[in-house]
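Enquirer: Sequence and predicted model, in that order:
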Number of protein chains: 2
Amino acid sequence: MTAKIIEGLPVAERLRAEVTAEVARLRAEHGLQPGLAVVLVGEDPASQAYVKSKGEQSLAAGMHSVTHRLPADTKQDELLRLIADLNADPLIHGILVQLPLPKHLDEKPVIDAIDPDKDVDGLHVVNAGRLVAGLPALTACTPVGCMVLLRDTLGDLTGKHAVVVGRSRLVGKPIGQLLLAANCTVTMAHSKTVDLPAVCRSADILVAAVGQPRMIRGDWIKPGACVIDVGINRVPFDNPEQAALGKTKLVGDVNYKEAVQVAGSITPVPKGVGPMTVACLLQNTVTAAKRIAGIDS
Amino acid sequence: MTAKIIEGLPVAERLRAEVTAEVARLRAEHGLQPGLAVVLVGEDPASQAYVKSKGEQSLAAGMHSVTHRLPADTKQDELLRLIADLNADPLIHGILVQLPLPKHLDEKPVIDAIDPDKDVDGLHVVNAGRLVAGLPALTACTPVGCMVLLRDTLGDLTGKHAVVVGRSRLVGKPIGQLLLAANCTVTMAHSKTVDLPAVCRSADILVAAVGQPRMIRGDWIKPGACVIDVGINRVPFDNPEQAALGKTKLVGDVNYKEAVQVAGSITPVPKGVGPMTVACLLQNTVTAAKRIAGIDS
């Protein structure tokens, strides 16, 4: 028996369609067009690609979409001034600063400067606190994307034992909080965990967010468990001739070939969690716009 | 074999002595006297007793100590004005508003109004976010007290499996975050957890914070585990004649008589976690004063 493959693309597409319909409704019924501002400093090619995709997808969803491309030598106070302008701009409901910033800039004061109510990347410490407190928060897109896939696959998550491997601030910890809010029993495991394979084997839901290629083996998985692989690691091709040519590919934190024989369902890498990210960013922007405008439904 | 009893009183006394010495050093070396302001609205007898104890203990530690007693019919904006004054007062480094407030007052805006850097009760959403983010936070006194007792009993907590039963915002969740920061593998269990006894039996460290008298039975405990009982529940006396007279006593969330036969160490109720609370409040006030003054050591 092999696992059900949890494909991110169709779920992301459905979510984008829902967001598009909601944007149309908000424009028609409330005269509200959710607006997203994406800020890119410098010319890192990967960042440029991400920013382009975010701009295109927000436009396609019917949003007001602005991309600010700043030169690599932008000064800290110039960037902070732009954030202040975007905080004050009534047409903008979501502000995303593409990370990483060039090395001469200090990320933390930049994130701290974003109005928490417009922080659609869920990076601000106030949003971390709201999430823990059970208050309306904006939560980082990858954790939210994992939850959408889990609910789509399993339905109600109440009472399931979820094990999250990895305790990063932006992925592991918020996923743990969201799973707890969904009434899972949640175990946070990490590099200091004793007998990690046994802890993983106790999971009905296993979330891998460590950044170690294929670390989680097939025999660490309870038969029938749902496995969400957040890892995106670039490794050489398995075939030594192609590897010698420098060919690389993307793999997750889970040994997929082994896991797919044991799990009940599993996200592939790529095309599992990855495609959810931008769709969740659009959803966060709609959520932010509605909250700022005081629209409950 | 019976468990080592983790007595809170001597540990709290030692912590208070450390705080007293640190206050004396700050006054001598830096001309800094940590200041605590306690605000009480109304005349609830239990709240009056708590506030009195906080005032006396902060004075005894050499602090600047102010207690504001406001009448029960104090208006929301009057209370907010006092908070604003205390935020601005350079002699005050810690602000504690005794809860619960009278029913006509709205707690959340009051807590939100406290400068997070003076929030020695660790209630502000910014401090919840800082705790999750691993930034310097002020953390609620009961969770901090549990950690002091655990470290005093077990030393290094790295790799231990901690199970926290209860996911309240002010106790269960921050204890979970502190245990995770101490490199424990942390499981958050709660009312929706399936087979709670088995989950508890997997714990090296079991923290009970549910508010259900004697809910956790002896056979839920792994032999040798360390049990921290945060519950304080008032129940009738076991003896039916005394119970019929209306006599009551305090018990924890753990069935102590059973647990003491199985655990390696256990906090009693009362005189376990309870006495730590005010000592940790004093420590938080010193921490806040040093951070505000920019004193690193």
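Expert: Sure thing, it's come through.
Enquirer: Thought residue A:184 was touching residue A:203, still the case?
Expert: No: judged on CB atoms under 8 Å, residue A:203 makes no contact with residue A:184 at a distance of 9.9 Å. Quick note: C-beta positions are derived from backbone N, CA and C, even for glycine.
Enquirer: neighbour count winner among these two?
Expert: Between residue A:203 and residue A:184, counting by other CB atoms under 10 Å in any protein chain shown, residue A:184 is the more crowded of the two (27 against 24).
Enquirer: How about the more buried one: what's its closest non-neighbour residue?
Expert: If the residues on either side of it in the chain are set aside, residue A:184 comes closest to residue A:162, at 4.2 Å by CB to CB, 6 or more residues apart in numbering or on different chains.
Enquirer: what's the lowest-mean-pLDDT helix or strand in chain A in contact with?
Expert: Every helix and strand of chain A was ranked by mean pLDDT, DSSP states H and E. The lowest is helix A:240-244, at a mean of 89. Helix A:240-244 is contacted from outside by A:236, A:237, using CB atoms under 8 Å, 6 or more residues apart in numbering or on different chains.
Enquirer: And the strands in the stretch 51-200 of chain A, which stretches?
Expert: A:64-70, A:94-97, A:161-165, A:185-189 (DSSP state E, counting those that start in this stretch).
Enquirer: where are the low-confidence patches of chain A?
Expert: In the predicted model, chain A carries pLDDT under 70 at residues A:1.
Enquirer: Which residue would you name as the spatial centre of it?
Expert: Nearest to the mean C-alpha position of chain A, by CA atoms, centre = their mean, lies residue A:142 at 1.3 Å.
Enquirer: how far away is that residue from residue A:287?
Expert: 16 Å (CB to CB, to the nearest Å).
Enquirer: got it, and residue A:131?
Expert: Applying CB to CB to residue A:131 and residue A:287 gives a distance of 13 Å.
Enquirer: Looking at these two, which is more packed in?
Expert: Each of residue A:131 and residue A:287 has its neighbours counted (other CB under 10 Å); residue A:131 has more, 26 against 22.
Enquirer: pretty sure that one contacts residue A:137?
Expert: Yes: taking contacts as CB under 8 Å, residue A:131 lies within contact range of residue A:137: 4.3 Å.
Enquirer: what is in contact with these two at once?
Expert: Counting by CB under 8 Å, 6+ apart, the common neighbours of residue A:131 and residue A:137 are residue A:122.
Enquirer: OK, contacts around the residue of chain A found nearest chain B?
Expert: Using CB to the nearest CB, the closest approach of chain A to chain B is made by residue A:129 at 3.0 Å. If a contact means CB under 8 Å, 6+ apart, then residue A:129 has B:124, B:125, B:126, B:127, B:128, B:129, B:130, B:132 as its contacts.
Enquirer: For it, which non-adjacent residue is spatially closest?
Expert: That would be residue B:129: by CB to CB, 6+ apart, it lies 3.0 Å from residue A:129.
Enquirer: For residue B:39, see how far away residue A:110 is.
Expert: 35 Å.
Enquirer: Give me the nearest residue to residue A:249, chain neighbours excluded.
Expert: residue A:237 (6.0 Å).
Enquirer: right, and the one you found touches residue A:250 too?
Expert: No: Residue A:237 lies out of contact with residue A:250 (CB under 8 Å); the separation is 11.3 Å.
Enquirer: Relative to residue A:116, how far out is the residue of chain A closest to chain B?
Expert: Distance from residue A:129 to residue A:116, by CB to CB: 9 Å.
Enquirer: same question, residue A:122
Expert: In terms of CB to CB, residue A:122 sits 10 Å off from residue A:116.
Enquirer: what do you get for residue A:10?
Expert: Distance from residue A:10 to residue A:116, by CB to CB: 32 Å.
Enquirer: more crowded one of those two?
Expert: residue A:116 (21 against 10).
Enquirer: Excluding covalently adjacent residues, which one is nearest to the more buried one?
Expert: For residue A:116, the spatially nearest residue (CB to CB, 6+ apart) is residue A:126, at 4.0 Å.
Enquirer: if I pick the one you found, what's in contact with it?
Expert: Counting by CB under 8 Å, 6+ apart, residue A:126 has contacts A:116, A:119, B:125, B:126, B:129.
Enquirer: any idea which residue of chain A is furthest from its center?
Expert: Largest centroid distance in chain A under CA atoms, centre = their mean is residue A:241 at 34.8 Å.
Enquirer: before we move on, the earlier item: next, format the strands of the stretch 51-200 of chain A as TSV and append distance to residue B:153.
Expert: TSV is the format used below for the strands of the stretch 51-200 of chain A (distance: least, CB to CB, whole Å):
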stretch	distance to residue B:153
strand A:64-70	53
strand A:94-97	45
strand A:161-165	27
strand A:185-189	22
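Enquirer: so which of these comes closest to residue A:149?
Expert: With CB to CB, the closest approach to residue A:149 among these belongs to strand A:161-165: 13.1 Å.
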